[in-house]
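**Student:** for reference, the sequence and a predicted model appear below.
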There are 2 protein chains.
Amino acid sequence: MNKARWIWYPGDFEICHSLKLHSRREERLSGYPPFWSLSQPYASVIFKKTFSVPEDTTVKVISRSFGGVMLDYRFKPLNKEFEVKKGDHQIAVKITAVNSRLLSIYVNSEHLVTDDTWTVTHCTSEEVKVCDTPKMYREDDDPEVFPFSYERVDPVASENKNGGILYDFGRELFAKLVVSGADKDEKIYVGYGESAEEALDEYSSIIYDEISGSTEYELKARAYRYIFLKTCKVREVYSLYEYVPLETRAHFECDAEKVEKIWNTCEYTIHLNAREFFLDGIKRDRWVWSGDAYQSYKINDYLWFDADITKRTIRALLGRPPYYQHINTINDYSFYLIISIEEYYLYHGDRDFVVSVFENVKSLFAFINGRLDKDGFVQKIGDDWIFIDWSDMVKTGNICAEQILLWRAIKAMAALYAIVGGEENEKESAALYERAERFAEKIKKLYWKEPEGAFAELPDPPVSVKRHANIFAVIYDFVDEEKQRRILENVLENDAVTQITTPYFKFFELMAFCKLGKTEVAQKLIDSYWGGMIDLGATTIWEEFDPTKHGTEHYAMYGEKYGCSLCHAWGAGPIYLCGRYFLGVYPTAPGYASFEVAPQAGAYRRMSGKVPVNGGEVFVEYSVDNGVTCIRIRSDIEGGTLVFGGKRFDIPAGRECVFRF
Amino acid sequence: MNKARWIWYPGDFEICHSLKLHSRREERLSGYPPFWSLSQPYASVIFKKTFSVPEDTTVKVISRSFGGVMLDYRFKPLNKEFEVKKGDHQIAVKITAVNSRLLSIYVNSEHLVTDDTWTVTHCTSEEVKVCDTPKMYREDDDPEVFPFSYERVDPVASENKNGGILYDFGRELFAKLVVSGADKDEKIYVGYGESAEEALDEYSSIIYDEISGSTEYELKARAYRYIFLKTCKVREVYSLYEYVPLETRAHFECDAEKVEKIWNTCEYTIHLNAREFFLDGIKRDRWVWSGDAYQSYKINDYLWFDADITKRTIRALLGRPPYYQHINTINDYSFYLIISIEEYYLYHGDRDFVVSVFENVKSLFAFINGRLDKDGFVQKIGDDWIFIDWSDMVKTGNICAEQILLWRAIKAMAALYAIVGGEENEKESAALYERAERFAEKIKKLYWKEPEGAFAELPDPPVSVKRHANIFAVIYDFVDEEKQRRILENVLENDAVTQITTPYFKFFELMAFCKLGKTEVAQKLIDSYWGGMIDLGATTIWEEFDPTKHGTEHYAMYGEKYGCSLCHAWGAGPIYLCGRYFLGVYPTAPGYASFEVAPQAGAYRRMSGKVPVNGGEVFVEYSVDNGVTCIRIRSDIEGGTLVFGGKRFDIPAGRECVFRF
């Protein structure tokens, strides 16, 4: 028998915690929920199992919800032992979300436990396998409380300032502030800051609190490095760092100065943002954005290879039909969500998950299709938000970048139908591949321009070429190699084309450069842009960084003095670039059934590191000495091929191989 | 300015209270939720208003949920005064359902109050008018707590029995039992009974409780007339009768013995079942069933004419899309729900409500259409439940009764499209009327049989004629008068056709008899069937009554000793029959813009009573003396016509008119 654990309807855990998470953002004592529609967990569910007991025994079904147990169609109460006779039985537990938000049950009886062999319905005829992850094994666990870990962190410095004390915890944290030995009659101002300036700024810091009435406080978990307590009368102040334990299974180092430090800072940045779900930033927005998350999934696959957090994030973003709007209201973000499920399958080979979310994905895709124009192009309707990037670019009309993303999403959908399989789905898959092909031709015909040799923003003159559509055309192999070369020349390496200014889209651009062999461009930027922040003392990577700015100018954004997040997930992109392109490890069949290692050292003379894969890790070391290139590889899994210098070499599992060129 | 009241998204109040209500049914200490899917209120909403203040002032937005206020796009916290400058403003309050289940706000500031001039979205682009009924005017009101009234009721008798005390409250109640002066160390068994036998039966009563640890108890509200406390050591026992105050605006009396008492018992029966919503019965199921509710709406319109409870019930039943199953899982119950909205409009003329539920109704109708066979007939698919009636009848195949109800629902849908109006909707309405007509022809061709002169259950031989389809054909005017006459003769008055055995369907049959002028049939049954229960001491009308049974046999049903509900809403049908057919008052244009009074005294020599109408009441008195029929009518509203003896007479408003024949 399995170990008993709490079980629930697939998606309910994520929808419940998404609702809770999205009910925590603060802006100067005011709550700040997202402007998009959130889903609710199901209101009523029935858990079922047929089972057999070898002797007369008792069973107790634990639940914090309202309901009852039907044992062989006879009523039994929840939370009370009842007798079960030797032999075969059917059990059904019906509960409703009236005392609780997340419907879950737990059975840990001698001959019956809750595990993933149970099924569940939301009181319809469709019976699905329950979910049980994250695993909660104890009766007194509460699936409505996310299982974070905590670690005490003491300030590394404190100084008296502005009639109080400024504490520096030495690094950005997401933590509960603990204050001991305060004067209970004093009303104490608590300023939170990612910078010292923010913590001390009583008028403009994004987050502050006011505490009184007690001598001991444990405040809610928030983002900060600095704390300003406007009192001098406290005995002790420390932080309870709140985090999800994730095992780092990757590493990167090279001969370029700073890169290892940058890589580690990126790791800490994404770790702070890897919580119930992948957040955009920990101070602000603290929301789950599909575009930001799409990049985090990629980074995850080259750092922790943690399927659970990617799955949780996808489920939270998907929510449940009906879809009244795009994911986060953004057309592109719906597309990324579908694409990310196909990419997740490529890395993790987890068909069960695809099957589990497939009905919702189909609904989302139907919603997308329902808003296309008569020629199948995506357009802005009503409150749709065509985002692509914070950039000076066209956002109305059928813009090219959005069409290419739609094309990629159609292909992903075709792949998902094939993954789920069955005759009907395979027919639909073939039809979608064909639709994608026809649509690609249409896009190319309308948007590819000569003599520019690039995709224009819009089909009609005057021709305006921007980077975004062209970057997508490269990274998604929308055009053949020859056209990708022309894009490199005419757009990416053409300084006359407006530069990308956000780290968000810079990530895609660097992927394109790496893909086209321009590894040094990425390496140079990692050094100057990421290195530039670290030179300024950053302990995490920022939402935005403009090297020409000075002092507190770096902290401003969106018209707010401290509006810029100093710990933003999308800043962790180098981890992906190092693993995917520099070390060059990537799957070529679902779940790493086969994979390639194609190192691109670029400007580095030496580099080494490891990349997590499905079933282990792949270690790669690259060095050039006396004109001889040496590549050492150690893979835990079979199926690898070294691709280097135009040749291919098998990589056997379990032992170190050395290749010299 | 209006009086401030709590406001919420239309439907959220009902969905929240439906979830709560459906999480209260008990069966011997076990919770017993319904087997159908329940809806959740929205997880996030935004309330909006543009307003103007004549001077600098302050505003406070009260809410028990998480969120914040945007005043002219600047953040303000909830539950705190903030300043508002003289002039025009925009306010938006965003909240999420994390602390609360029902998202609602309350503003009672000098120059801004929450009322029905606010709009709300569930974070989509669709902005709708808020709901504010039932009105809750005080800041400390909680819309999650249904505003019931309470009245103390003392036992009328008590006697020592089985080692305890049996209390009789003299009539069926839905109440909280209060026990005072108990021994706190004693564990006391509390038996609930609609009959004394049930209260005393520790092994088979549907509801019992066990109390200990206190000297004073106020137990949860439950249905009972008798209470058995298995102790002799209590000081005081009484009930807090829990009810919705509803003003009885109807009356009926006549020369037939018992009818007034029957009418009053029916009134009390339906009143006990008229709570948050119309229930089926107060002990069991305590659920909202669309078929049962459909009859309750009809009774309501001839008793209280209370639009609110009908609207609440319809909203609760509708829930929210997506529809995964029929309402209560029953095909016919989806049809009744659509029909009831059209009928509600006919009586109350409330277009706003139709508009407010229209999107959901369209979704339900799309769900219905998606499950029809290729010829447009309704069939059982998967877990569909073809109910029609508890009766020995065919339930599989395309049964005729179900088709006629579908036809009626299509017509209702056509009417709703026209009521909502607008060019597109009117086109759809016309198309649906045409579809209904074509469908009616198909049904008639397939199911009308000669020489039987009646509708058969199924199209194919052998021909089997049952009452159900034929009753629908009469009450919904599915066939012309000549065919209705033939149905009367060949089916309704033909004892060889299996009798209806449930009071539920008997109600429809009596409507058919009355409609065809056979008033005495209904009167006879009221006397024998309803009168029969009262002769046995019933204080409310039962779910089922078989005069051939004896003693506690009456209490058994569904294989349970006390399974029969002794207070069942569908038993109150005589109220409708008296008002609609005997006094003969009914609207002929929406909202009683015009109406007819067509008395059918049947076997009665004298009858008088009043019927509530939209905007007042209509009093009708009928008597026959010395061969002269005298009809007195006093109507509060214009638009009435007396229809009698084949002639029509105007009924002026505001004064008594006497007509003699």
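**Tutor:** Here it is on my side, so go on. Predicted model only: the values in this text are computed from it and were never measured.
**Student:** for A:Leu446, what are its contacts?
**Tutor:** Listed by CB atoms under 8 Å, 6 or more residues apart in numbering or on different chains, the contact partners of A:Leu446 are A:Pro459. Where you see a C-beta, it was placed from the backbone N, CA and C, and this is true even at glycine.
**Student:** go on, A:Tyr555?
**Tutor:** A:194-195, A:197-198, A:561-564, A:566.
**Student:** quick one: it from chain B, how far?
**Tutor:** Per CB to the nearest CB, to the nearest Å, A:Tyr555 is found 19 Å from chain B.
**Student:** pLDDT at the residue nearest to A:Lys311 when sequence neighbours are not counted, what is it?
**Tutor:** The shortest distance from A:Lys311 to any non-neighbouring residue, by CB to CB, 6 or more residues apart in numbering or on different chains, is to A:Phe353 (5.6 Å). On the pLDDT scale, A:Phe353 is placed at 98.
**Student:** spell out which parts of the stretch 351-500 of chain A neighbour chain B.
**Tutor:** Where the stretch 351-500 of chain A comes near chain B, counting by CB under 8 Å from any CB of the partner chain, the residues are A:382-383.
**Student:** A:Lys230 contacts A:Leu166, doesn't it?
**Tutor:** No: A:Lys230 lies out of contact with A:Leu166 (CB atoms under 8 Å); the separation is 10.1 Å.
**Student:** interface residues of the stretch 101-250 of chain A facing chain B?
**Tutor:** A:122-126.
**Student:** in the longest helix seen in chain A, what's buried?
**Tutor:** Counting residues, the longest helix found in chain A (DSSP state H) is helix A:423-447. By neighbour count on 16 or more other CB atoms under 10 Å in any protein chain shown, the buried set for helix A:423-447 is A:425, A:428-429, A:432-433, A:435-436, A:439-440, A:442-444, A:446-447.
**Student:** just put the residues you listed in CSV and tack on distance to A:Leu346.
**Tutor:** Shown next, in CSV, are the buried residues of helix A:423-447 (distance: CB to CB, whole Å):
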residue, distance to A:Leu346
A:Asn425, 18
A:Glu428, 20
A:Ser429, 16
A:Leu432, 17
A:Tyr433, 16
A:Arg435, 21
A:Ala436, 17
A:Phe439, 22
A:Ala440, 20
A:Lys442, 27
A:Ile443, 24
A:Lys444, 25
A:Leu446, 30
A:Tyr447, 27
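**Student:** and which of the residues you listed is nearest chain B?
**Tutor:** Among those, A:Glu428 lies closest to chain B (CB to the nearest CB), at 18.1 Å.
**Student:** what's the next secondary structure element after the strand ranked longest in chain A?
**Tutor:** Of all the segments of type strand in chain A, defined by DSSP state E, the longest one is strand A:164-180. Note on strand A:164-180: by DSSP states H and E, the next helix or strand toward the C-terminus is strand A:188-193.
**Student:** can you list the strands that that next one pairs with?
**Tutor:** If you go by DSSP bridges, strand A:188-193 pairs up with strand A:208-211 (antiparallel), strand A:222-229 (antiparallel).
**Student:** looking at those strands, which is closest to B:Val628?
**Tutor:** Smallest distance to B:Val628 across the strands paired with strand A:188-193 (CB to CB): 85.0 Å, for strand A:208-211.
**Student:** list the buried ones in stretch A:531-551?
**Tutor:** Quick answer for stretch A:531-551 (16+ other CB under 10 Å): A:531, A:533-534, A:538-545.
**Student:** again with stretch A:7-22
**Tutor:** Under the neighbour-count criterion of 16+ other CB under 10 Å, stretch A:7-22 has A:7-22 buried.
**Student:** can you pull out the low-pLDDT segments for chain A?
**Tutor:** Nowhere does chain A drop to pLDDT under 70.
**Student:** give me the domain ranges for it.
**Tutor:** A:7-129, A:149-243, A:251-582, A:591-660 (automatic domain parsing).
**Student:** want to throw these into JSON lines with distance to B:Cys657?
**Tutor:** What follows is the domains of chain A, written out as JSON lines (distance: least, CB to CB, whole Å):
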{"stretch": "domain A:7-129", "distance to B:Cys657": "53"}
{"stretch": "domain A:149-243", "distance to B:Cys657": "72"}
{"stretch": "domain A:251-582", "distance to B:Cys657": "54"}
{"stretch": "domain A:591-660", "distance to B:Cys657": "86"}
